[in-house]
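Enquirer: What follows is a predicted protein model with its sequence.
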Amino acid sequence: MIQSLANWILSFDILSGMGISIAWSLSLFIVAALIFVFVAANAIVLVYIERKVSAFMQVRLGPMRVGKFGTLQTVADALKLLQKEDIIPDKADKILFTIGPWIILVASVVTFAAIPFSDTLLAANMNIGLFYVVSISSIVVLGIVMAGWASNNKWSLYGAMRSAAQIISYEIPVGITLISVVAVVGSLNLQTIIESQAGVGNLFHWIPIPLPNWYIFHSPFLFVAAFVYLIGATAEINRTPFDIPESESELVAGFMTEFSGLRWALFFLSEYANATLVAFLVSIVFLGGWQSPFANYEGVQIGFLVISLFAIMWTIFVKVKTKRLSFYPLGLSIIITLSAWLFPGFAIWLASPGLFWMLMKVASIIFLLMWFRWTFPRLRVDQLMYVSWKVILPLSLINLMGVAVWMWLSGEIQF
Amino acid sequence: MSYFSNISSAITTLVDGMKVTMGYFVRPREHVTLQYPDEVWPVPSRNIGVGELDTYNTIRSKLTVDINDCIGCKACERACPVNCITIDTYRGEPDQDLGTTSKGTKIKLLTANFTIDMSECMFCDLCTPPCPEDCIVMTPDYQFISNDNQKMDVTPEERWRDRDLLIYQFSKVSEEERQRLKAEAKEAAQAKALATAAKKAEAEKAAAEKAAKEAAEAELQTQAPITNIEYAEEAPPVSSEPESEVVPFAFTEAVVPVLESTDNEETTRINIPIETLTKVEKQDEILEEPQTESAPHIPEAAQVSEDSVTSMEKQDEILEESQSEPTPEILEDSQDAEDSMTKESDNG
């Protein structure tokens, strides 16, 4: 993408005077800015959606005052956070306190460099893409420990220690689960992983149900592995029910206790960037990435779009006619889960169907994460360790071996 | 095996929980929260009053006054346990028609200031029953909220003042008129204070003379044994003194030792001089104590400070020397107590 952008820049007569190196750096900067804008805008939209989802699950209405249906609430919140006083506690370690949030933000934004948004929309096509993403996203814990230690606050330190313990515990099953997929693909390149899931096949190779060739349908072991990965990743990004690093009922706000204003906003930004990253990884590794669920049937894709647009129109029609806030199931769920993507969805689909399906899958996974968050109670620290070391880790090891056996049985590999 | 059953039970219970939340998420139902400024809980309006006219609401919230019906009787002010109501009334001109209330009562006093401090109010509703005209009422308005300071349409005359906009002031007259009335009342109070001071000085002199006389009589009476009945008969002349409020106090104090000493003669002998002494002390106390009960008679006493007490004693000396004319010092003192005087002096 960077190369093509540089070529595109050089193709203009006025700009062709600049050397290839300047064009290259310019397109690097543009891509980085695009990724950051995506992450920031994504966080603002996701915070709104999360608040709405939580509200509807608790029979509330959520933000309703700022903008129509509170749509501008998070924008107002972001503006407020930017204006707030920049407080550094007296006894805090000033340097670590200052750079901690930035490390977290950078670690979570930089991972998007290797994430393929579509078949062409990819900042850096690395042959170790998966390894890069997993390893860089682990740096987040460094920033969390920095922030917790520098705050000079017992709650912050507790939160940071818990976060470190949690990430050490859950990196292992997550890594092993991803390895079981890599064992099938034979490559760490994310683009290759997605391309290898093209086409339609049988469910679990033998059951005659035609399904896309996604790895979640590859074998029962990878089916379990997908959920193992989802659980482990939820723990890694510190989301409920694994949010013990910032468990607000025990530690005040965990490692975020002493932070306010812009730095706190950075924590929030990176939290949602991480959630999006996990959703991207799940859809890339297990759900076929930018591959359409309807494979090559273009008519089905258009039909799906027409149906979802019709559902939205129907909801709006009902709302206008009854003149009250009515929550109609289908229209509402579609609006809430996909509102971020669906309205520009048709245009995106016209421009690039791959991007559309990618974002659809990501939105669904994020909704699943929100659903988890507003359903499950928080685990205790010992329960968290129990789940990690005694349940998830053995399961992932069993999956790894099972996938190997499955591939041998199905004839994908021969010895 | 329990390992796998644990996992399966965990999965089933988690799925159960997710079903519940998705059910709430998807199902159309009334939300449980209120969009506050747009929707409010209805105020319960159960009338527990007696009769049709007495529509007394169970919600006790903001106090309001129909100032046009107020006759200035200050019944509510007296009833208030926390003193959050302040009323200033003035006598109008002799031939001034102050109108009648909606009940037909003729208004005799001009209520220039009727202030309710809702930050002090404890919503006990004790002020509304004493009102003879039913003009002070508790409204069910529990939201002390306004977008505009100037336009709270409780009454047109209502204005806002300090203390977080919780002091409600009602008035029948304009601000300038009220200031004028206040100034006039001050002058009248000063004149009255001078008059009372002169009167009191006269009375004190009489009292002192009488005390001296009684002391002399008591000296004589110590020679002869007396009974307590005789002494009780002698007491009434004391009560005829101008400071009539103090007399019962002095009387009881004097009588109690006498009653105790009925069987012993020697104690009575000792007691009688003491009684005269206490009476002299009482007279000092009249001057020293800021007597809230007898305030209309001694307006200077409303000041509660050491300085005032000393100045009072000086006054006594001065007054004893020259009884007829008030000195400039008295004027100054009376001006110090202006605020209390303006209220208190027109009370009756």
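Expert: Cool, got the structure.
Enquirer: Would you mind splitting chain B into its domains for me?
Expert: What automatic domain parsing lists as the domains of chain B is B:1-32, B:45-176.
Enquirer: Could you identify which of the ones you listed is most buried?
Expert: Among those, domain B:45-176 has the highest mean neighbour count (mean count of other CB atoms under 10 Å in any protein chain shown), at a mean of 15. Bear in mind the C-beta positions are built from the backbone N, C-alpha and C, glycine included.
Enquirer: before we move on, back to that, adding distance to A:S260 and mean pLDDT, write the domains of chain B out as CSV.
Expert: Below are the domains of chain B laid out as CSV (distance: least, CB to CB, whole Å; pLDDT from 0 to 100):
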stretch, distance to A:S260, mean pLDDT
domain B:1-32, 31, 82
domain B:45-176, 28, 72
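Enquirer: With respect to A:S270, which of those domains lies nearest?
Expert: domain B:1-32 (26.2 Å; CB to CB).
Enquirer: That closest one and chain A, are they touching?
Expert: Yes: counting by CB under 8 Å from any CB of the partner chain, chain A has neighbours in domain B:1-32: B:6-7, B:14, B:17-18, B:20-22, B:24-29, B:31-32.
Enquirer: just the residues you listed now: which is nearest A:I168?
Expert: Nearest to A:I168 among the residues of domain B:1-32 next to chain A: B:I7, at 22.7 Å, using CB to CB.
Enquirer: Surely that closest one and A:V391 touch.
Expert: Yes: the pair B:I7 / A:V391 is scored as a contact, 6.4 Å apart, by CB atoms under 8 Å.
Enquirer: Report the beta-bridge partner residues of B:T89.
Expert: Counting by DSSP bridges, B:T89 forms beta bridges with B:T111.
Enquirer: Regarding chain A, what is its longest helix?
Expert: What stands out as the longest helix in chain A, according to DSSP state H, is helix A:20-57.
Enquirer: tell me the mean pLDDT for the helix or strand just after that helix?
Expert: Downstream of helix A:20-57, the next assigned helix or strand under DSSP states H and E is helix A:73-83. For helix A:73-83, the mean per-residue pLDDT is 87.
Enquirer: ok, residues contacting helix A:73-83?
Expert: Helix A:73-83 is contacted from outside by A:44-45, A:47-48, A:51, A:63, A:65-67, A:261-262, A:264-265, using CB atoms under 8 Å, 6 or more residues apart in numbering or on different chains.
Enquirer: ok, so of these, who is nearest chain B?
Expert: Checking the contacts of helix A:73-83 against chain B with CB to the nearest CB, the nearest one is A:R65 at 8.1 Å.
Enquirer: Look up the closest residue to that closest one, ignoring the ones flanking it.
Expert: A:Q73 (7.4 Å; CB to CB, 6 or more residues apart in numbering or on different chains).
Enquirer: Next, count neighbours for that neighbour.
Expert: A:Q73 has 20 neighbours, counted by other CB atoms under 10 Å in any protein chain shown.
Enquirer: now swap in the one 10 residues further on and tell me
Expert: When neighbours are defined as other CB under 10 Å, A:Q83 has 9 of them.
Enquirer: just the helices in the stretch 1-150 of chain B please.
Expert: Counting by DSSP state H, counting those that start in this stretch, the stretch 1-150 of chain B has helices at residues B:2-26, B:75-79.
Enquirer: Show me what the shortest one is packed up against.
Expert: Other elements packing on helix B:75-79 under the criterion 3 or more CB pairs under 8 Å, 6 or more residues apart in numbering or on different chains; DSSP states H and E are strand B:85-91.
Enquirer: Using CSV, write out every CA atom in the strand it packs on.
Expert: C-alpha atoms of strand B:85-91 as CSV (Å, rounded to 0.1, in the frame of the first residue of the first chain):
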residue,chain,number,x,y,z
ILE,B,85,-39.6,33.4,57.7
THR,B,86,-38.9,37.1,58.2
ILE,B,87,-41.7,39.7,58.0
ASP,B,88,-41.5,43.4,58.3
THR,B,89,-44.8,45.2,58.8
TYR,B,90,-45.5,48.9,59.1
ARG,B,91,-48.5,51.0,60.0
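Enquirer: Who are the packing partners of the one helix or strand A:M385 maps to?
Expert: Secondary structure from DSSP H and E places A:M385 in helix A:381-386. Judged by 3+ CB pairs under 8 Å, 6+ apart, helix A:381-386 is in contact with helix A:154-185.
Enquirer: Is chain B within reach of the helix it packs on?
Expert: No: counting by CB under 8 Å from any CB, no contacts exist between helix A:154-185 and chain B, the nearest distance being 13.9 Å.
Enquirer: Pull out the buried residues from the following helix or strand past that helix.
Expert: Next in sequence after helix A:154-185, counting helices and strands by DSSP H and E, comes helix A:190-195. For helix A:190-195, a neighbour-count test (16 or more other CB atoms under 10 Å in any protein chain shown) marks A:190-191, A:193-195 as buried.
Enquirer: now stretch A:6-20
Expert: Across stretch A:6-20, burial judged by 16+ other CB under 10 Å covers A:6, A:9-10, A:18.
Enquirer: Relative to A:T257, which of the residues you listed is nearest.
Expert: Here the nearest of those to A:T257, counting by CB to CB, is A:A6; it sits at 45.1 Å.
Enquirer: Quick check: phi and psi on the closest one?
Expert: The phi and psi values for A:A6, taken as degrees, to the nearest 10, are phi -60, psi -40.
Enquirer: need the contact list for it.
Expert: For A:A6, the contacting residues are A:20, A:23-24, A:26-27, by CB under 8 Å, 6+ apart.
Enquirer: Out of the buried residues of stretch A:6-20, which sit inside helices?
Expert: Short answer: those in helices (DSSP H) are A:6, A:9-10.
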